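Undergrad: just need the structure, nothing else, for what follows:
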Amino acid sequence: MDAHPKKCNHPRRGSPLRDLLALLKTTPAPSWATPVMVTLGLASSFAESLGISLVVLFLYSAMGHLDEMSAGNGVLGALFREVAGRLGGGTTLAVTISLLIVARGILALTYGLIGSSLSNRISESVRNGLHQQYLDVEYDFIRQRDQAELLEILGTESWLIAGAHTSFVRIIINLCSIIVFALFLIALSWQITLIAVLGSVLISIGLRGLSTPARKLGNEVKRVHQALGERMLVTLQGMRTIRAFGQEVVHHRIFVELSAKARRISLQLDRLSAVLNPVTEIGYLAILCFIIGAAGWLQASFATTLAVVALLYRLQPHVRELEGNLLYLAQLGPQLRSVRAMLDRCDKEYLPAGDRPISSLRHDVRFENVSFAYGGTREAALRNVSFTIRAGITTALVGPSGAGKTTIVNLLLRLYLPDSGCIRVDKINLQEIRRSEWLGILAVAGQDIDLIEGTLKDNILMARAEATDAEVAEAVQMAGLTEMIETLPHGYENWIGQQ
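TA: Residues are numbered from 1 along each chain as shown. Just a heads-up that it's a prediction; the model follows:
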């Protein structure tokens, strides 16, 4: 891994779609999946459009006016004459329409199964990538970040990628479906199609005004959720202190205020989404009414007008879904940008893993003019420090608090790299030694007790995950904890945590 960040283009603040596409490039999703999903969506739209046209033809056949229907001019008349000649009577038409409905249902089911599998795989990949990033990136990067922010990105925002991908694919399908419907409408009447297109553009322009407040609310949602996460961590991790100082009321009041703010923002988002359906429906109803009123002026036959109205009625859900997905992506913009920025490796440092093996310390560990300062501080924790730790000899580092003793241990644990100077192990630069093998021959007993959320056994296995039960029991006995653990209700499986 690189010790220093690479020079590359950082994520720019912009379109959520750009952030989503950048995230998708990092996932192992099969290249064929999205094109197949789009093809299935298009086939479904074609079956729907064709079915609607055949329904109109079936109605005229049932009323005994098939000749009037197929007598239209242009593409419409030619299409209906061809279909009427091939399919014959109403029974054949009804069977064909039924088969189209079944085919559309099968296509929709196949699309749903593939889409669900793909979206969840993408979300899983992003989630795993974030977790790996947390473990790989320089420790100082994690130490300087708010735990609630890190938890929000990994535990919540990573799951949103699946929904964002689904919306992205649906946007493509909606656009393609609109094109398919438009081709059928043009075949019926280009004049009516032009009116419908102009009306749809006006509706879309009107709905574009919802994107800006959606993005603002998305930013607000991210901030409030992170603040709520912070309060949760404060409550859970500081429970003893809060109760010891009688601050329950104060902390609960802060949490209630943030919770109420989250509710208000969520309500605003719901209201914003609720505007979408009635605006779209009223707009398309107005377009339909105008087309019906202008049918005579456009010299369109009743058959043409009926078919157009039926197609436009079925087109409306696709337009409404398109606008809804665009609005959803705008709302997710801050979360997508946050996940992308966290996964980006260009602006972060990664400590070298090393490639030289080591099994034990043979001679000594030497600090040669080592200097180090923690990120965000100007005062150096170590300045030109040199000393030797010899193998087989006890070495004590004595000094007041802040003298740099813990920093020396942190450097030996490869949590940080020296700013200058060098640490050598048996004359080899510590950075060149395999990190996993070096840490395997170290043991640390710090003044702070570092426990993880998990069982007693989970905590013991932090030193060596592959240790057997017998080795765990031996370590416990050496630490003098066997009798204490035997008194616990669940023994090694007893749950412990930071407190």
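Undergrad: tally of neighbours for Val308?
TA: When neighbours are counted by other C-beta atoms under 10 Å, Val308 registers 25. Every residue, glycine included, has its C-beta placed from N, CA and C.
Undergrad: so after the helix or strand harbouring it, what's the next helix or strand?
TA: For Val308, the element it lies in under DSSP states H and E is helix 302-331. Moving toward the C-terminus from helix 302-331, the next helix or strand (DSSP H and E) is helix 333-343.
Undergrad: buried sites along the helix holding Val308?
TA: For helix 302-331, a neighbour-count test (16 or more other C-beta atoms under 10 Å) marks 303-312, 314-316, 318-331 as buried.
Undergrad: show me what that helix is packed against.
TA: helix 16-25, helix 33-62, helix 74-87, helix 160-188, helix 190-208, helix 211-237, helix 248-294 (3 or more C-beta pairs under 8 Å, 6 or more residues apart in numbering; DSSP states H and E).
Undergrad: show me the domain layout of this protein.
TA: For the chain, automatic domain parsing gives the domain ranges 16-343, 364-440, 454-496.
Undergrad: quick one: low-confidence parts of the protein?
TA: 1-14, 28-30, 56-90, 300-301, 303, 376-378, 446-449, 497-499 (pLDDT under 70).
Undergrad: picking up where we left off before, closest to Glu493 out of the helices and strands packed on helix 302-331?
TA: Closest of the helices and strands packed on helix 302-331 to Glu493 is helix 211-237, at 21.4 Å (criterion: C-beta to C-beta).
Undergrad: who does the following helix or strand past that closest one touch, helix- and strand-wise?
TA: Sequence order places helix 239-244 as the next helix or strand after helix 211-237, per DSSP H and E. Helix 239-244 is packed against no helix or strand, with contacts defined by 3+ C-beta pairs under 8 Å, 6+ apart.
Undergrad: where does Val398 land in three-state SS?
TA: coil (DSSP: H, G, I helix; E, B strand; the rest coil).
Undergrad: contacts only, for it.
TA: Residues near Val398 by C-beta atoms under 8 Å, 6 or more residues apart in numbering: none.
Undergrad: ok, Glu281 next?
TA: For Glu281, the contacting residues are Gln316, Arg320, by C-beta under 8 Å, 6+ apart.
Undergrad: can you check Leu411 too?
TA: For Leu411, the contact set (C-beta under 8 Å, 6+ apart) comprises Val370, Phe372, Leu382, Leu417, Pro418, Ile423.
Undergrad: roughly how far apart are it and Ala286?
TA: Separation of Leu411 from Ala286 (C-beta to C-beta, to the nearest Å) stands at 72 Å.
Undergrad: count of residues packed around Ser123?
TA: Ser123: 19 surrounding residues under other C-beta under 10 Å.
Undergrad: need the nearest residue in space to it, chain neighbours excluded.
TA: Of all residues not flanking Ser123 in the chain, Ala162 sits nearest, at 3.7 Å (C-beta to C-beta, 6 or more residues apart in numbering).
Undergrad: quick check: that neighbour touching Asn120?
TA: Yes: assessed by C-beta atoms under 8 Å, Ala162 is found in contact with Asn120 at 5.7 Å.
Undergrad: of those two, who's got more company?
TA: Ala162 (20 against 15).
Undergrad: and that one, how close does it get to Ala473?
TA: Ala162 sits 43 Å away from Ala473, going by C-beta to C-beta.
Undergrad: swap in Arg337?
TA: Taken as C-beta to C-beta, the span from Arg337 to Ala473 is 49 Å.
Undergrad: higher neighbour count, the two?
TA: Arg337 (25 against 15).
Undergrad: the more buried one and Ala330: what is the separation?
TA: 12 Å.
Undergrad: mind listing the shared neighbours of these two?
TA: Each of Pro16 lies in contact with both Arg337 and Ala330 under the rule C-beta under 8 Å, 6+ apart.
Undergrad: and Leu54, what does it touch?
TA: Val83, Leu93, Thr96, Ile97, Leu100.
Undergrad: from those residues, which land in helices?
TA: Counting by DSSP state H, those place Val83, Leu93, Thr96, Ile97, Leu100 in helices.
Undergrad: overlap in contacts of Ala162 and Asn120?
TA: Contacts common to Ala162 and Asn120, judged by C-beta under 8 Å, 6+ apart, are absent.
Undergrad: count of neighbours near Arg240?
TA: As a burial measure, Arg240 scores 9 neighbours (other C-beta under 10 Å).
Undergrad: for Glu466, that is, sorry about that
TA: Neighbours around Glu466, by other C-beta under 10 Å: 6.
Undergrad: please, which helix or strand holds it?
TA: Applying DSSP H and E, one finds Glu466 in no helix or strand.
Undergrad: quick check: it vs Val472, distance?
TA: To Val472, Glu466 is 11 Å away according to C-beta to C-beta.
Undergrad: Leu351 too?
TA: 29 Å.
Undergrad: what's the answer for Asn277, then?
TA: Asn277 is 59 Å from Val472, by C-beta to C-beta.
Undergrad: of those two, which one has the most company?
TA: Taking neighbours as other C-beta under 10 Å, Asn277 and Val472 compare with Val472 leading, 17 against 13.
Undergrad: surely the more buried one meets Ile485?
TA: No: the pair Val472 and Ile485 does not pass the contact test of C-beta under 8 Å, sitting 10.2 Å apart.
Undergrad: quick one: common contacting residues for those two?
TA: Tyr492.
Undergrad: might you report the residue contacts of the nearest residue to Leu326 once chain neighbours are set aside?
TA: Spatial nearest neighbour of Leu326, chain neighbours left out: Ile171 (6.6 Å); criterion: C-beta to C-beta, 6+ apart. Contact partners of Ile171, counting by C-beta under 8 Å, 6+ apart, are Leu322, Asn325, Leu326, Leu329.
Undergrad: and those, which two are furthest apart?
TA: Going by C-beta to C-beta, the pair spanning the contacts of Ile171 furthest: Leu322 and Leu329, at 11.0 Å.
Undergrad: any idea how far Gly41 is from His363?
TA: From Gly41 to His363 the distance is 68 Å (C-beta to C-beta).
Undergrad: so between those two, which is more surrounded?
TA: Gly41 (24 against 13).
Undergrad: wait, that one sits on Leu175?
TA: No: using C-beta under 8 Å, Gly41 makes no contact with Leu175, being 10.0 Å away.
Undergrad: now Phe367, which residues is it bridged with?
TA: Phe387, Ile423 (DSSP bridges).
Undergrad: report the separation between it and Ser420.
TA: Distance of Phe367 to Ser420, given as C-beta to C-beta: 12 Å.
Undergrad: do the same with Gly402
TA: 20 Å.
Undergrad: which residues does the spatially most central residue of the chain contact?
TA: The residue lying closest to the centre of the chain (C-alpha atoms, centre = their mean) is Ile161, at 2.5 Å. By C-beta under 8 Å, 6+ apart, the contact list for Ile161 reads Leu20, Leu23, Ile122, Ser123, Val126, Leu336, Val339.
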